[in-house]
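A.B. asks: below are the sequence and a predicted model for it; my questions follow.
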Amino acid sequence: MSKDINNKLDHSFEDKDKKVRRLFEENNSTEDDFNLDEFFKKEFKNDDDLKVPSEIHNGLEEILLNLPQKKKSNKKRGALIAASVAGTLFITSLFTIPSFAESLPLVGDFFKVLHETSGQKNIVEEVEKNSKEVIGTAIDKNLEVNMYSVIGDSTGMTIAYSVESLDESVDLPQVWSCDIYIDGKQYDPDIDNIIHEEKDGLHYYITRLEIKDLPNKFNYKIDMKNITNVYGLWSFSGTADISNLQEDTIVKDINETKNTIIGEVTVKSVIKTPLYIQIQCKYPEQSLRESNEDDNDNRYYKTFRLKYDRFDKHRDSIFIRGSEDGDRRILIANFDKNVKYIDFVAEEYFTGEANVKEINIKDSIDKVVYDEKDGSIKILDYKEEGNKKLVRVKLDKKLVRVKLDKKVRNGLYNLAYRLVCGERVNKYGDIINGRVAGVPKESFDKNEYELWLEYEGDKFFINGDRTGEYSKFDENNKIRIDLTR
């Protein structure tokens, strides 16, 4: 290690050593967790000419103060501190050292986890293939964001990152808003979370930020400002080059209109990049529902189906956004890279005849009120707390495969939808002002088959299985979208 570095470290920490040690002690930490001097010595041992700017040290205490209180079960705290130090170096963009990438948590495992847990293999592979380097780490308000990749294409920016609630106060940490700066120009992009997976308390994301007309090369700055209603600042900056993705990008004007069974449909344009297919189009409202009126028939849906010439075994993901002029943007991720065309086909969907009945919840205690395709619901208890109505139910055991996994939560949602609060039922079987149950987190107790459901409403109804549902496709008026050059 050079003399300059030793002097920097000595002068930077000589006066602050006691304060840094106090920070560790207040967080119930020890030198075994992390030693600043040893960390720098280890990381800089082969960089004799490196000059460590004093700004690095000025930010360390603030980052350390943001670390959560140490818990007995928190074995990762030392790694988090190391990540914070490494993140300071990256975020300030003062210098880059390859060894710091190895210090960031889960850098090597990020895409490995997505390959293991996500069904969207194609886009995971494309993002991984086009990822250049680790961007860095930012910690604020006890939320840590690790940014692994920033990629641009003709539809916008794609970022690969993980989020962790260090004090476990946020169940689902997710970026709700951010400001993007491209060569100094500010954007407020629409956010599409293409992939979200969770493992061991870490939430893994691949997210698309819609920004039009990106240059081939640009400087960017990402300011995340709201993560699940927690306001702070998680900032990352760097440069991006989308030239290699542009080589495999197809942009076409379609401008074709057809009168279909759901009304007039227009496909205006298409962009196909290695990451996404984006279709600009216009079609009638997806649903015929207009209001919660007695004469409102919500059984029919106006929608569409995208049919590919080849369909990958892994499911695609479709994200739809509308605009004030009635146009819609359809974004497709995880498609077969060899797809040659997509048919845009109008669809009329009939949800089936309703099977709804009102029940007296107090008279239903110890009774099975639903026993159909989604399982069964037995009412165990009922109580009222202010405006809230709490119903304790017993679940069908076949829905509980693994405690609190996604399948169970989906099963809970289906069952909660079957027992609904509302005012009345119209002639088409619609529950006026119908409200499904909330599932309080604390309701998941040791007996995973029984839990409390929370309601607000006047009466209780059972939403039984519908009958006679069908789909009708207008193949004669489909619009073919050519994806070849």
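C.D. replies: Sure, I can see it.

A.B. asks: so where's the stretch 201-350 of the chain uncertain?
C.D. replies: When the per-residue scores of the stretch 201-350 of the chain are filtered using pLDDT under 70, the ranges that remain are 285-294, 310-316, 324.

A.B. asks: how about the strands in it?
C.D. replies: Secondary structure of the stretch 201-350 of the chain by DSSP state E, counting those that start in this stretch: the strands cover 202-210, 217-227, 230-241, 250-260, 263-272, 276-282, 300-308, 317-322, 328-333, 341-350.

A.B. asks: sheet partners, orientation included, of the first one?
C.D. replies: In this case it means strand 202-210. On the basis of DSSP bridges, the sheet neighbours of strand 202-210 come out as strand 156-165 (antiparallel), strand 190-199 (antiparallel).

A.B. asks: buried residues in that strand?
C.D. replies: Leu202, His203, Tyr204, Tyr205, Ile206, Thr207, Arg208, Leu209, Glu210 (16 or more other Cβ atoms under 10 Å). Every residue, glycine included, has its C-beta placed from N, CA and C.

A.B. asks: for that strand, C-alpha coordinates in PDB please.
C.D. replies: Output for strand 202-210, consisting of C-alpha atoms alone and laid out as PDB, is shown next (Å, rounded to 0.1, in the frame of the first residue of the first chain):
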ATOM      1  CA  LEU A 202     -33.900  -9.900  -1.000                       C
ATOM      2  CA  HIS A 203     -36.300  -8.700  -3.800                       C
ATOM      3  CA  TYR A 204     -34.900  -9.100  -7.300                       C
ATOM      4  CA  TYR A 205     -36.200  -6.900 -10.100                       C
ATOM      5  CA  ILE A 206     -35.800  -6.400 -13.800                       C
ATOM      6  CA  THR A 207     -37.600  -3.100 -14.600                       C
ATOM      7  CA  ARG A 208     -38.300  -1.200 -17.800                       C
ATOM      8  CA  LEU A 209     -38.300   2.600 -17.600                       C
ATOM      9  CA  GLU A 210     -40.100   4.100 -20.700                       C
END
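
A.B. asks: what's around Lys199, how many residues?
C.D. replies: Neighbour count of Lys199, defined by other Cβ atoms under 10 Å: 14.

A.B. asks: distance check, it against Lys112.
C.D. replies: With distances defined as Cβ to Cβ, to the nearest Å, the gap from Lys199 to Lys112 amounts to 10 Å.

A.B. asks: try Asn338
C.D. replies: The value you get for Asn338 to Lys112, if Cβ to Cβ is used, is 26 Å.

A.B. asks: then Leu275?
C.D. replies: Counting by Cβ to Cβ, the gap between Leu275 and Lys112 amounts to 20 Å.

A.B. asks: who's more crowded, these two?
C.D. replies: Of the pair Leu275 and Lys112, Leu275 is the one with more neighbours under other Cβ under 10 Å, namely 28 against 11.

A.B. asks: I'd say the more buried one and Val124 touch.
C.D. replies: No - using Cβ atoms under 8 Å, Leu275 and Val124 do not qualify as a contacting pair, with a distance of 10.8 Å.

A.B. asks: list the contacts for the closest residue to Pro215 other than its chain neighbours?
C.D. replies: Counting by Cβ to Cβ, 6 or more residues apart in numbering, Asp183 is the residue found nearest to Pro215 once chain neighbours are left out, at 7.2 Å. Residues counted as contacts of Asp183 (Cβ atoms under 8 Å, 6 or more residues apart in numbering) are Pro215, Phe218, Asn219.
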